[in-house]
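> Build me a model from this:
(one chain, ligands or ions: 1)
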Amino acid sequence: MTARVSIGVSLKMYFGHSDARRWFDRVAELVAGHPAVADGRVEFFVIPTYLQVLPAVEAFAGTRTLVGAQDVAAWDRGAYTGEVGAPELAEVGVRVAEVGHAERRRLFGETDTDVAAKVETSLRSGITPVVCIGEADRVDAAAAADATAVQLCAALVGAPAGRVIVAYEPVWAIGGPEPAPVAHIATVAERLRAELDTLEDRDGSTVIYGGSAGPGLLARLGHSVDGLFLGRFAHDPDALAGVLDEASALADARSDAHSANTAVAS
Ligand SMILES: O=C(CO)COP(=O)(O)O
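Here you go, the predicted structure:
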């Protein structure tokens with residue numbers, strides 16, 4: 001378990017250009033003044049539309065915020081109309097790329113093979129993939145853990161060494177009124193972390209939860225996840241500030257636990 005806690009936001013396609021830029025300015029001010037983001041205890045990333053990436057890079061400059069892309073081409077460059085490749089994303093300052101979100105799998109037919117190709121090109125370009133996985137139907141936690149472990153392995157086929165951020169997002173909890181139950185999330189996230197721990201070349205990888213996540217959830221989840229992937233409930237910067245405070249408290253608790261373990265071991 002890493003001491004650091006990760007909080008990410010995907011803006012999906014909710015905001016127009018001016019609204020997105022206003023949100024970037026408000027949130028950049030918020031994170032610049034947030035001690036845990038400023039000193040790196042909490043990793044913060046924002047994933048706007050492709051067209052909003054450059055203004056986001058500019059707005060968040062100097063705040064430690066990582067700007068991401070909501071997708072990435074499966075190829076580096078060439079005759080792929082409408083696509084954007086990882087090398088170009090990296091060139092303009094994109095640091096994370098969302099791969100295999102449930103909406104892309106469902107609406108655009110993305111397969112595990114596409115996802116693996118996108119993970120591979122991202123890592124090769126120095127971009128950390130946010131690998132989105134989650135069970136489609138509401139099954140029990142053990143079945144969800146089995147299904148998502150299979151998805152995770154499929155996503156990492158052929159991937160070069162490097163950190164990945166695994167976003168566990170049960171499809172049935174996305175866009176709903178409330179997140180999946182805490183015990184369900186904990187069971188699946190712990191299984192996914194155990195899977196990652198068996199891999200030698202994935203140091204620093206994290207498992208975060210998304211799907212109607214908002215203020216109050218991280219405090220209830222505690223150590224069972226490494227953070228949250230927010231959608232609608234980050235549109236209000238005050239709600240996002242509340243989540244960052246919870247992330248900061250969790251990062252402190254983890255670093256205390258880490259120091260206690262190190263003291264016992266020595
Ligand atoms: O899909 C999500 C983040 O990628 C979650 O979105 P919501 O929090 O709006 O359900």
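> If we look just around the ligand, which residues of this structure are in range?
10, 101, 169, 174-175, 210-213, 229-233 (Cβ under 6 Å from any ligand atom). Heads up, the C-betas are built off the backbone N, CA and C, glycines and all.
> Looking at those, state which has the most neighbours.
Within the residues of the chain next to the ligand, neighbour counts (other Cβ atoms under 10 Å) peak at A213, which reaches 30 neighbours.
> Can you list the neighbours in contact with stretch 217-224?
If you take Cβ atoms under 8 Å, 6 or more residues apart in numbering as the criterion, stretch 217-224 is touched by 1, 5, 179, 182, 185-186, 189-190, 209, 225, 227-228, 243, 246-247, 249-250, 253-254, 257.
> if you set the cut-off to 7 Å instead, what comes out?
1, 179, 182, 185-186, 189-190, 209, 228, 243, 246-247, 250, 254 (Cβ atoms under 7 Å, 6 or more residues apart in numbering).
> try stretch 76-93
Stretch 76-93 has contacts (Cβ under 7 Å, 6+ apart) with 50, 53-54, 57, 67, 69, 72-73, 75, 97, 121-122, 125-127.
> That one: end-to-end distance?
When the termini of stretch 76-93 are compared using Cα to Cα, to the nearest Å, they are 16 Å apart.
> So for that stretch, mean pLDDT?
Mean pLDDT, stretch 76-93: 98.
> roughly how far out does that stretch sit from the chain middle?
21 Å (Cα atoms, centre = their mean, to the nearest Å).
> can you pull out the helices in the stretch 101-250 of the chain?
102-108, 112-124, 141-155, 182-197, 217-221, 237-265 (DSSP state H, counting those that start in this stretch).
> May I see the buried residues of the fourth one?
Meaning helix 182-197. Within helix 182-197, the residues scored as buried using 16 or more other Cβ atoms under 10 Å are 184-193, 195-196.
> from the residues you listed, which is closest to the ligand?
When the buried residues of helix 182-197 are ranked by distance to the ligand (Cβ to the nearest ligand atom), I185 comes first, at 13.0 Å.
> Name the nearest residue to the closest one, sequence neighbours excluded.
Y209 (5.1 Å; Cβ to Cβ, 6 or more residues apart in numbering).
> Can you tell me which of the residues of the chain next to the ligand is nearest the ligand?
The nearest member of these to the ligand, counting by Cβ to the nearest ligand atom, is G231 at 2.2 Å.
> show me where pLDDT drops low in this protein?
For the chain, residues meeting the criterion pLDDT under 70 lie at 1-3, 258, 261-266.
> rewinding a little: may I see the buried residues of helix 182-197 arranged in a markdown table, with distance to A38 as well?
As requested, these are exported to a markdown table (distance: Cβ to Cβ, whole Å):
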| residue | distance to A38 |
| --- | --- |
| H184 | 33 |
| I185 | 28 |
| A186 | 29 |
| T187 | 34 |
| V188 | 32 |
| A189 | 27 |
| E190 | 30 |
| R191 | 33 |
| L192 | 29 |
| R193 | 27 |
| E195 | 32 |
| L196 | 28 |
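> Just give me the closest of the residues you listed to A145.
Distances from the buried residues of helix 182-197 to A145 were compared by Cβ to Cβ; the smallest belongs to R191, at 3.8 Å.
> Enumerate every residue touching the residue lying closest to that closest one once chain neighbours are set aside.
Residue nearest to R191 in three dimensions, not counting chain neighbours: A145, with 3.8 Å by Cβ to Cβ, 6+ apart. By Cβ under 7 Å, 6+ apart, the contact list for A145 reads 187-188, 191.
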